[in-house]
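>>> got a predicted structure here, sequence first:
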Amino acid sequence: MSSTPLSAGTPSRPLSSTAGTPSSSRSKKVDKSDMYAFLDDIRDADGRRPADPEYDPTTLYIPPASWTKFSQFEQQYWEVKSKVFDTMLLFQKGSFAEAYCFDADICQREFDMKVSDNGRGAMRMSGFPVTAVDEWAAKFVARGYRVSLVLQTPAGVPSTTSTPGKGKPLLTRSLQRIITPATIDPTAAEAMHILAVVETPTAIGAVFVELSAGAMTYTSIPCDGTQHRALETLCSHASPRELVVGRGNLSAETKRLVLGRCAAADVSTLPVPAEASARVLAGQACPAFDAEGAGPATALAAGLLVSYLARLKQDGALKSAAAVPWNGLRDTAFLRLDAPTLDALDLLTGQRSLLSLLDHCATPFGRRTLRLWLQHPPCRLAAIEERADAIAELCGGGAHVREKVEAMLKFKGVPDLERAVVKLMTGTARDVAVMANVVSALHDAAMQYTHLAAAMSAPIFGKLISPSDLEALVAAAEELQTQVQDLTQGGDSAETAAIKDQMQALARKHGATLKDTSKCALLELAKSVVPNSSWKFVSGTKAVSRYSMAELDLLYEKRKRQEATQSDSRDQLVDALWAAFAAHGDKWKALVRALAVCDVLNSLALASMHLGFTCRPTFERTQSAFIDAVGVWNPIIPNCVPNDIVLGGSHMPRAIVLQGSNMSGKSTIMRSMAYCVILAQLGSLVPAVTCRLGVFDAVLTRMGARDDFNRGLSTLAVEMEETSRILRESTPQSLVLLDEVGRGTNTLDGESLASAALLSLLLEQRPCVVFATHFHSLARTFAMGPLTSTVCVPKVMVTKRVDQHLAFEYTIADGLTDSSGGVEIARSCGLPESLLQMARSVSDTTAARDRDGDEEKEGGYEDVVNLAMFARLLMSSC
């Protein structure tokens, strides 16, 4: 039998429970059973084979003849399995969770579990105690499987489908949930997003949700030619564990983009459901979702997400989820950092990312908030200064101030307070002990936050949550603690205890021992004792005999009724406790958000001290952004050499043409400037001695060399696409970093394109620009222009030659260079000396020819004349 192929776009890991199962591994019992012949020709519920583009891997066709041959239990099993065929099914049978057929093979293959060929009916079987089902489900999900969990009713109620006269009554079992990478009970701090994407002729709708945190984010991206860049950035922000796309809905380019950007995500392809979208629009599926403001495409994406979660039996979590719009690159309140910039600067990912350096958070929800802050530094000066005041106070207030914050963020028995609050609000956690721990943590946090806000002078601490809300939460937590105490006291009610005493007294009266079981109460007598004639013998041993007694039976039944009443009363108390907790849900969430902000502020303060940041930047309100930094350095690189940078503003050059040898530090300088701007607008201290700057609206980069196989783009095509994006979107408030534009084609075309791009930025968009290049004639041309001192200045990374080797100083200076040190770099990498001599000879000959050609030109470089014409345009636009 061939394995079931995965749906289009899914990762190569075996999400299907049948994937990778060789036919030889089936037992002889199954091979000989014609009722399982359908497994040799797998089809979906509509009869399509896996090779069919419309094949649905979630379903399995079982012919009517096979249904008639199944036992009752097999019918119950295959009724579920045929609807979740792409998952591993764990089926409760008594006190065990069992896996059958292909799923049993997975147990053996992945974890070397024992498989029995004499399982249930004709099915191979493996399994483990049902008490360990969550632990094992997590292990299977970690290996790339989705796990469906079928449990029997707690009371063991016989199924209504049981056939009378055919053995024992079949117990009712039902699919409880499907566990996937983003819906498993999380232990890591990272957000576990599910992203749904739908495309219409006019817009791309996208919705991502983290169920464990009760947070949904949605957007509608107009199809205006820039939609894929916005979608690429959204994918970088969401970093989803799972991706849900509409079957046949996405264009080829959109599909390539989302699959490439979400390569680590498990992919599900589903029909776009009209019914679920209608529920979204009606406010039934997710009441917090703004259906009117979101747009039709987003409503379809939300419907697709609802449909997917309904299949997982987890759509109920959306009813209490908060929903906020993602304005992405259109939101002027935040610094724009698109996907290429996030990648080029290693802001979120990488072995030594900026996020990893700044992360000193004490809580998982603080870490998630720090990532959000780094994705969206504010552009409003008031918000920046508000954060900066708090961080400066935390840095300057001494260790005892930071220790107060850290003590407030320690929650005994609650690893992730944000997720724990959501689980209690949604009812997915119904453990009184968990409630007790969470309420205790919230009570202590509210009390400590009250004291912290009163002690700190920075205004942000008092704005995050009001004193009146804190007071109300403390009172609510104390009331909840009283309710929890009533529930956890346990023990019998007075009525039940009295009946038990009567039963014991009755046994003593007759010289017997009371044998109290879950099914009956008996009198136990030694064999030598003669029982009352009215008693009925039930069982015995060599030493004792056990008898039932009418009066004792009455007391037993009375006690059972009283215990049932007590149990019902306890259930009502539990319901009341959960309702009381949920009544303050918004305030609990507000408290957790305030704690998260405190955690991030403290983390940025700790990071500043650990990394040696001592400078609080000074912001100035200007028409165009600028940066004037002394001793700025790159925090990503240990022992980085500091440099001075002056760029932008009304009296400073707006562009730097930066030359230097390979490996001399050009990219490091550019990244240093970007980190300085981003950290400053986060509110953090910055890696500099002094720093003045205006507020930037974007950091736009074109750095590194890469092609895009998914989209069929060469290195030059990627460069030109990113350069085009910068030319469209940069403003006088933007910082633009261009590194070696024009590589990947011949020198003439590359230099022409690079020159034209730089001139366009200087003439039209006028952002702050750092333009690193190895095109030396381009640098000379701009250096000889009439506006060199006011618009564009040449800079060079200082490098010295010592015995045919380069000595890098990693400092920036005024001036030009005619060498990129390529031969010397090649020598340091071990290329043969004969090859290097040949390369040097060719390089010297070419350089001499270029110099001779320049001397023949009347008046020097003809390019200078062209630049002068552009300069007049520049002067008229200044």
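On my side now, so go ahead.
>>> shaky segments in the stretch 251-400 of the chain?
Residue ranges of the stretch 251-400 of the chain with pLDDT under 70: none are present.
>>> what's the answer for the stretch 601-750 of the chain, then?
Within the stretch 601-750 of the chain, the segments meeting pLDDT under 70 span 710-711.
>>> how about the strands in it?
Listed in chain order, the strands of the stretch 601-750 of the chain (DSSP state E, counting those that start in this stretch) span residues 618-619, 626-632, 643-648, 655-659, 690-693, 698-702, 734-739.
>>> in JSON lines, list these along with distance to residue 284 and mean neighbour count.
(C-beta placed from N, C-alpha, C; glycine too.) Shown next, in JSON lines, are the strands of the stretch 601-750 of the chain (distance: least, Cβ to Cβ, whole Å; neighbours: other Cβ atoms under 10 Å):
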{"stretch": "strand 618-619", "distance to residue 284": "47", "mean neighbour count": "14"}
{"stretch": "strand 626-632", "distance to residue 284": "51", "mean neighbour count": "21"}
{"stretch": "strand 643-648", "distance to residue 284": "52", "mean neighbour count": "21"}
{"stretch": "strand 655-659", "distance to residue 284": "55", "mean neighbour count": "25"}
{"stretch": "strand 690-693", "distance to residue 284": "49", "mean neighbour count": "21"}
{"stretch": "strand 698-702", "distance to residue 284": "39", "mean neighbour count": "25"}
{"stretch": "strand 734-739", "distance to residue 284": "43", "mean neighbour count": "26"}
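>>> now the helices for the stretch 751-878 of the chain?
For the stretch 751-878 of the chain, the helices defined by DSSP state H, counting those that start in this stretch cover 776-783, 822-828, 833-856, 862-877.
>>> just to revisit the earlier point, same list (the strands of the stretch 601-750 of the chain) but as CSV, adding distance to residue 522.
Converted to CSV, the strands of the stretch 601-750 of the chain look like this (distance: least, Cβ to Cβ, whole Å):
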stretch, distance to residue 522
strand 618-619, 84
strand 626-632, 86
strand 643-648, 90
strand 655-659, 93
strand 690-693, 85
strand 698-702, 81
strand 734-739, 85
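>>> select, out of these, the one closest to residue 149.
strand 698-702 (46.0 Å; Cβ to Cβ).
>>> just the CA coordinates for that closest one, please, in CSV.
Extracted C-alpha coordinates of strand 698-702, given in CSV (Å, rounded to 0.1, in the frame of the first residue of the first chain):
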residue,chain,number,x,y,z
ALA,A,698,10.9,54.1,8.9
VAL,A,699,14.2,52.2,8.6
LEU,A,700,14.4,50.8,5.0
THR,A,701,17.3,48.5,4.0
ARG,A,702,18.7,46.9,0.9
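>>> contacts for that strand?
Strand 698-702 has contacts (Cβ atoms under 8 Å, 6 or more residues apart in numbering) with 335-338, 340-341, 344-345, 670, 674, 677-678, 719, 722-723, 725-726, 729-731, 733-739, 741, 767.
>>> quick one: contacts for the residue most central in space within the chain?
Central residue of the chain (Cα atoms, centre = their mean): residue 191, 3.4 Å from the mean position. Contact analysis of residue 191 by Cβ under 8 Å, 6+ apart lists 210, 213, 239, 368, 371.
>>> what do you get if the cut-off is 7 Å, keeping everything else the same?
If a contact means Cβ atoms under 7 Å, 6 or more residues apart in numbering, then residue 191 has 210, 213, 368 as its contacts.
>>> again with residue 664
Residues near residue 664 by Cβ under 7 Å, 6+ apart: 797, 799, 808, 810.
>>> again with residue 354
Residues counted as contacts of residue 354 (Cβ under 7 Å, 6+ apart) are 346, 347, 374, 636, 675.
>>> if I look at the residue nearest to residue 523 when sequence neighbours are not counted, how far off is residue 496?
Among residues not flanking residue 523 along the chain, residue 512 sits closest, at 3.9 Å (Cβ to Cβ, 6 or more residues apart in numbering). Distance of residue 512 to residue 496, computed by Cβ to Cβ, to the nearest Å: 21 Å.
>>> which one's more surrounded, these two?
Between residue 512 and residue 496, residue 512 has the larger neighbour count (other Cβ atoms under 10 Å), namely 24 against 18.
>>> need the phi and psi values for the more buried one.
phi -120, psi 170 (degrees, to the nearest 10).
>>> for it, give me the pLDDT.
Residue 512 carries a pLDDT score of 90 in this model.
>>> now it: how far from residue 247?
71 Å.
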